[in-house]
Every structure is written in structure tokens, then in C-alpha cells.
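Visitor: Need a 3D model of the sequence below.
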Amino acid sequence: MGLFDFFKKKETAPEAQEALDKGLEKTKEGFLSKITKAVAGKSTVDDDVLDNLEEVLVTSDVGVTTTLKIIDRIQARVAKDKYLSTSELNHLLRDEIQLLLAENNSNDFRNFEYGDHKPYVIMVVGVNGVGKTTTIGKLAHKLKAEGLKVVLGAADTFRAAAVEQIKLWGERVGVRVVAQAMGSDPASVAFDTLQSAVANNEDVVIIDTAGRLHNKVGLMNELGKIKNVMQKVIPNAPHEILLVLDGSTGQNAFEQCKQFTEATNVNALAITKLDGTAKGGVVIGISDQFKIPVKYIGVGEKIGDLQMFDKKDFVNSLFS
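Guide: Numbers count the residues shown, from 1 in each chain. Below you'll find the predicted structure:
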């Protein structure tokens, strides 16, 4: 198998689909029960139903901007068809959300060509507590399981716990970790990690970064310095800047995404902890508003519960 062949489009395995369905249970139950109430006593989709549906989407953390876009599309469909029964609403809503996700993720990562990047460098960003370190560990496990050589760089040197967590994940999944003493220059750690990855002919480098959401200028300077130093080893590194967001925080995840996208060139998202929340609609809203592909979703605590995001599977699971 060639480098990164596993990223190419493939059928969702039954166990993965089962994990996705289970992980989205709370969101699905809340979402569908709200829609049922929104259409109660109605046979056709009218203004009252649309108003109720708007409230359902907003309270499911889809976000106001994206909600209004979806409502406008459904209104246009109602106007075109003249008659739309409430029994058809679920199917129409599912189709419109799938279309919206497809439009916003036109550069879907499963079809994205990584070319000859080796090592392929991923810089992971996000605030403390969103599941950043866990996501790194699970991603390393997924890559290693596909036969790739992975190395982790513990560049979050501001917290001793962060370095130790990365080391523990390295031991758990059987990948190498490059670390320095707490308080070391994060850029120095990143530089050493890339140098050693090149020397060891490794396939993927995953660099952890500090999870502090300080002022935007400070964040920009820090991440910029890490990128500049990495480019002394590999000119176009990092190839991917992966922002990890906690799906259970709802609208707060939107604000975090705004801060990080203004501070650095985020080009991929991982949305975690979807199994513990009814706020899974955040995946739809963030994808739409920031036009950044959601590459991974966390749907459980098991090591294999970090899934590559499939728009169709996600929406079908939400409405199943």
C-alpha cells in the first residue's frame, strides 16, 4: 500500500458505523425529538413549521448563520413544489445538510493528493481540555495501524503534564516521541522532531503545541515561529495545521475556531467528544461558516473511536 492510501475513499466498516451511530445518539435523540415537536399537528410545511425548525437548528448548535441558510433553501423548495408534507421534512433536511457539507468541503481530504511529502508534517493546535493530546494519540494509532512510521513532537512545553501525556500515548501506541525539558523552546522541539524524522525515514510527524488561548498576537507569533523553524528542515512544513475542537462546548467551539483561524492557517478540523453531547450540530455550523474540512470526529473513548469524517455517513446517522 502506498503512502497515505488509507486516506482514500472507502466503505465505512460495520463496526465504525456502529460506533458513529452510538456516538451521535444524544445529538440524534435531541435533534429528532425537537423536529417531531416542531411539526406536531401540522400536515404541511408552513411558516410556523419553518419558524419552529429554525429554533430546532439554532438550539442544536448549528449556528444562526448556517440555520438561516438551511431555512432559506427549504423555503425555496416549498415555493417551488407548492406543497410539501411534514412527513417529507426529515428527508429534505437531511439532503440539504448533506449538500451544504459537500459544498463547504469541496477539497474533501479523502480525495486530496499529498504528493511526495515525506515526512508529512501535521501541527496540532487547540486550547487545553478539548482532547488535543488524546486526538494526537488516537491519530498516531490509526496511522501506525496502516503501516506508517509515526513520530510525535512534544512541543507543548509549558505544561509538564502535556509532555508526559504525549510520552504515555507514544508508549501505548508504540510510536517514537521527541521531547525536551519543561520550559524548553517549543520551536526547538519541533526542529529536533523533524530532523530526527528525516534521519529515521519516518512517514508522518505530529507536533503538539501549547493549548493556551492567549492574545491573538502572542498566539500568532508563537505558532509562526514554530512553522518558520520547521521550514528550515522541510521547506513547506507543516503540510497540515489541524485544529482540535470540543464538540460538547457548542458555540464556544465557534469562538475558538475564529481565534485560531485568525492566528494561523488552519486547514483541517478534528471535532471531539461528540458522544458525550447533544450538540453535534456544531459540526455542520463550523464546517459551513469557516469553510475548513472536518477531517476527524471523536465518537467515543476507545482508541479506535477517532473516525475519518464522512459527510454522508454523519448525516445519515443523524437522521437514522
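Visitor: surely residue 59 meets residue 35?
Guide: No - counting by Cβ atoms under 8 Å, residue 59 sits too far from residue 35 to count as a contact (11.4 Å). Quick note: C-beta positions are derived from backbone N, CA and C, even for glycine.
Visitor: Wasn't residue 205 part of a strand?
Guide: Yes - assessed by DSSP: H, G, I helix; E, B strand; the rest coil, residue 205 belongs to a strand.
Visitor: Show the contacting residues for it.
Guide: Listed by Cβ atoms under 8 Å, 6 or more residues apart in numbering, the contact set of residue 205 reads 119-122, 150-153, 193-194, 197, 237.
Visitor: quick one on the thing from earlier: neighbour count winner among residue 59 and residue 35?
Guide: residue 35 (21 against 16; other Cβ atoms under 10 Å).
Visitor: Roughly how far does the nearest residue to that one once chain neighbours are set aside sit from residue 31?
Guide: Excluding its sequence neighbours, the residue lying closest to residue 35 (Cβ to Cβ, 6 or more residues apart in numbering) is residue 56, at 5.7 Å. Going from residue 56 to residue 31 by Cβ to Cβ, to the nearest Å gives 7 Å.
Visitor: likewise residue 186?
Guide: Using Cβ to Cβ, one gets 40 Å for the distance from residue 186 to residue 31.
Visitor: Low-confidence ranges, the stretch 51-200 of the chain, go.
Guide: Scanning the stretch 51-200 of the chain for pLDDT under 70 picks out the ranges 83, 105-115.
Visitor: Just list the residues touching residue 37, thanks.
Guide: Here residue 37 is in contact with residue 52 (Cβ under 8 Å, 6+ apart).
Visitor: element containing it, please.
Guide: helix 25-38 (DSSP states H and E).
Visitor: For that helix, buried residues please.
Guide: 26-28, 30-31, 34-35, 38 (16 or more other Cβ atoms under 10 Å).
Visitor: do the same with stretch 282-302
Guide: 282-290, 292-300.
Visitor: List the ones among those residues that fall in helices.
Guide: When DSSP state H is applied, the buried residues of stretch 282-302 are split such that 282-290 fall in helices.
Visitor: From what I see, residue 233 and residue 192 are in contact.
Guide: No - with contact defined as Cβ under 8 Å, residue 233 and residue 192 do not form a contacting pair (9.3 Å).
Visitor: just to revisit the earlier point, quick one: which of the ones in helices among the buried residues of stretch 282-302 is nearest to residue 92?
Guide: residue 284 (15.1 Å; Cβ to Cβ).
Visitor: Isn't that closest one up against residue 62?
Guide: Yes - the pair residue 284 and residue 62 qualifies as a contact (Cβ under 8 Å) at a distance of 5.1 Å.
Visitor: Show the contacting residues for residue 58.
Guide: 64, 67.
Visitor: What strand or helix carries it?
Guide: helix 47-59.
Visitor: quick one: residue 130 and residue 192, what's the gap?
Guide: Residue 130 is 26 Å from residue 192, where distance means Cβ to Cβ.
Visitor: Thanks again, I'm all set now.
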